[in-house]
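**Student:** Take this sequence and fold it.
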Amino acid sequence: MSGLRAVLFDMDGTLVDTEHTWVDVVEEVAARHGHALGEEQRSAVYGRAVEDTAELLHSALGVQVEALNAELHRDFAARLAGGAPPRPGALRLLAELRACGIPTALVSASPRAVVRRVAGTLDGHRFDAVYGAEDTARTKPAPDPYRAAAAALGAAPGLCVAVEDTVTGVASAEAAGCRVLVVPSVEPIAPAAGRTVLTSLEEADLTLLRSLVGS
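**Tutor:** Here you go, the predicted model:
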């Protein structure tokens, strides 16, 4: 079967405006231990899992990874206790896909508890599969989350469009074999083979998504 089979959405910075919140949390945890993040370190945490970020901070701070991991989990979950504001065009696109019967998945490097909490705030949209950082052996930038989501929906990765906002997420989706629609949130990302870049999800619709897989 050819044509678009599913759309796989990143969460932070793609569907909801949380990427800057995440970096703020990382900066606050670092400052609590007497360290100010440099620009290179800030860029390194975009789209990354809590565990990866804890390892990065451990190298800079010398604090135990387990302690940093716990702080990051706690602080990020607290910030998102009431959900997060949707990105422009996100709810409209989700509603269009639901109305047309296109399966959707939420594929995030955030902790599972945070992902499920935020997923419940997206105007009642029901994802057919939801993946957080703990749900695959490796998370982004490894391809595991996108491969798992595609398999859960019974779709070949090449017939899925992954919607992403960071270099880390794009690397994961492309390694899995997905077509990728990118709406950068914090850093520029160039178009490439199999990758389309927009400035906002307000520019995306089902016709465009179908065109990305050739049907």
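
**Student:** Going by neighbour count, which residues of stretch 153-162 are buried?
**Tutor:** 153, 155, 157, 159-162 (16 or more other CB atoms under 10 Å). (Each C-beta comes from the backbone N, C-alpha and C, glycine too.)

**Student:** One more: stretch 44-62?
**Tutor:** 44-54, 56-58, 61.

**Student:** what does the worst-scoring helix or strand of the chain on mean pLDDT contact?
**Tutor:** Ranked by mean pLDDT, DSSP states H and E, the helix or strand of the chain with the weakest confidence is helix 39-45, at a mean of 83. Residues from elsewhere that reach helix 39-45 (CB atoms under 8 Å, 6 or more residues apart in numbering): 22-23, 26-27, 52-53, 56, 60, 187.

**Student:** next one: stretch 207-215
**Tutor:** The contact list for stretch 207-215 (CB under 8 Å, 6+ apart) reads 2-5, 7, 102, 158-161, 179, 181, 196.

**Student:** of those, closest to residue 149?
**Tutor:** residue 160 (7.8 Å; CB to CB).

**Student:** returning to what we had before: please name whichever of the contacts of stretch 207-215 scores lowest on pLDDT.
**Tutor:** Taken together, the contacts of stretch 207-215 show their lowest pLDDT at residue 2, with 64.

**Student:** Can you show me the strands along this protein?
**Tutor:** Secondary structure of the chain (DSSP state E): strands at 6-9, 104-107, 129-131, 160-164, 179-182, 195-197.

**Student:** just to revisit the earlier point, in a markdown table, list the buried residues of stretch 153-162 along with distance to residue 113.
**Tutor:** Formatted as a markdown table, the buried residues of stretch 153-162 follow (distance: CB to CB, whole Å):
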| residue | distance to residue 113 |
| --- | --- |
| 153 | 23 |
| 155 | 27 |
| 157 | 27 |
| 159 | 31 |
| 160 | 25 |
| 161 | 27 |
| 162 | 23 |
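
**Student:** per the record, what domains does the chain have?
**Tutor:** Taking automatic domain parsing as the reference, the chain has its domains at 6-17+84-212, 19-79.

**Student:** hey, which of those is tucked in deepest?
**Tutor:** Per residue and on average, the most neighbours among those fall to domain 6-17+84-212, with a mean of 20 (mean count of other CB atoms under 10 Å).

**Student:** Distance across it, terminal residue to terminal residue?
**Tutor:** Using CA to CA, to the nearest Å, the end-to-end distance of domain 6-17+84-212 comes to 12 Å.

**Student:** hmm, back to that, select, from the buried residues of stretch 44-62, the two members most distant in space.
**Tutor:** The largest separation in those, counting by CB to CB, is between 47 and 61 at 21.2 Å.

**Student:** measure the residue of the chain most remote from its centre to residue 146 for me?
**Tutor:** Relative to the centre of the chain, the most outlying C-alpha is that of residue 34, 29.2 Å out, by CA atoms, centre = their mean. For residue 34, the distance to residue 146 equals 38 Å [CB to CB, to the nearest Å].

**Student:** re the thing from before, ok, so what distance separates the residue farthest from the centre of the chain from residue 62?
**Tutor:** 10 Å.

**Student:** what's the answer for residue 83, then?
**Tutor:** 35 Å.

**Student:** can you pull the contacts of the nearest residue in space to residue 190 that is not next to it in sequence?
**Tutor:** Distance criterion CB to CB, 6 or more residues apart in numbering; nearest residue to residue 190, sequence neighbours excluded, is residue 197 at 7.0 Å. Contact analysis of residue 197 by CB under 8 Å, 6+ apart lists 182-184, 189-191.
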